[in-house]
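J.: Whatever this is, show me its structure:
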Amino acid sequence: MAAKTFHCSIVTPERAVLETDAATFVALPAWDGEIGFLVDRAPIICKLAAGEARVRTAEGERGWYVDGGFAEMVDNRLTVLTESACDPEELDRSAARRALDEALSMPVHDEAEESARDRAQQRARAQLRLADRG
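T.: Sure, this is the predicted structure:
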């Protein structure tokens, strides 16, 4: 018996990174932890963090680095809107390490600067984690 599938799109302002009708499972880095999607999931909108989006099809599982954004699941259509997305193999470990070092040394004088520092650290750590596996 064939697995039930659903549509999954990963979209950046520049391009559609992924369009498939063959997704059987998707895991996304939500802002408060990982969230998974299967066929016939109840409608939901969630805020994303920087991290790995994993998409499973009959051919196997593939991951992408996503830089936050939002995801919406409605009527077996999962749409991921993110500022940027790339194959983890495209990530430069040394650039991610430099970005983390810079983020760790960012001065904090108010809540806005603290929020920017935390987001920069989260992004750099996610890129390092994925670059180490690639």
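
J.: gap between the residue nearest to the spatial centre of the chain and residue 18?
T.: By CA atoms, centre = their mean, the chain has its centre lying nearest to residue 66, at 3.2 Å. Distance, residue 66 to residue 18, using CB to CB, to the nearest Å: 10 Å. Backbone N, C-alpha and C define where each C-beta goes, glycine included.

J.: Give me the common contacts of these two.
T.: residue 10 (CB atoms under 8 Å, 6 or more residues apart in numbering).

J.: Pretty sure the residue nearest to the centre of the chain sits against residue 55.
T.: No: with contacts counted by CB atoms under 8 Å, residue 66 stays clear of residue 55, the gap being 11.0 Å.

J.: what's the overlap in contacts for the two?
T.: With CB under 8 Å, 6+ apart as the test, residue 66 and residue 55 both reach residue 10.

J.: one step back: what's opposite the residue nearest to the centre of the chain in the beta bridge?
T.: residue 51, residue 85 (DSSP bridges).

J.: check contacts around it.
T.: Here residue 66 is in contact with 10, 28-29, 48, 50-53, 80, 82, 84-85 (CB under 8 Å, 6+ apart).

J.: One more pass at 6 Å, please.
T.: Listed by CB atoms under 6 Å, 6 or more residues apart in numbering, the contact set of residue 66 reads 53, 82, 85.

J.: measure residue 35 to residue 6 for me?
T.: Distance of residue 35 to residue 6, computed by CB to CB: 15 Å.

J.: More neighbours: the two, which one.
T.: Between residue 35 and residue 6, counted using other CB atoms under 10 Å, the more crowded position is residue 6 (21 against 17).

J.: in which helix or strand would I find the closest residue to residue 44 other than its chain neighbours?
T.: Distances taken as CB to CB, 6 or more residues apart in numbering place residue 73 nearest to residue 44, at 5.2 Å, with adjacent residues excluded. Residue 73 belongs to strand 60-74 when assigned by DSSP states H and E.

J.: Before I go, just wanted to say thanks for your time.
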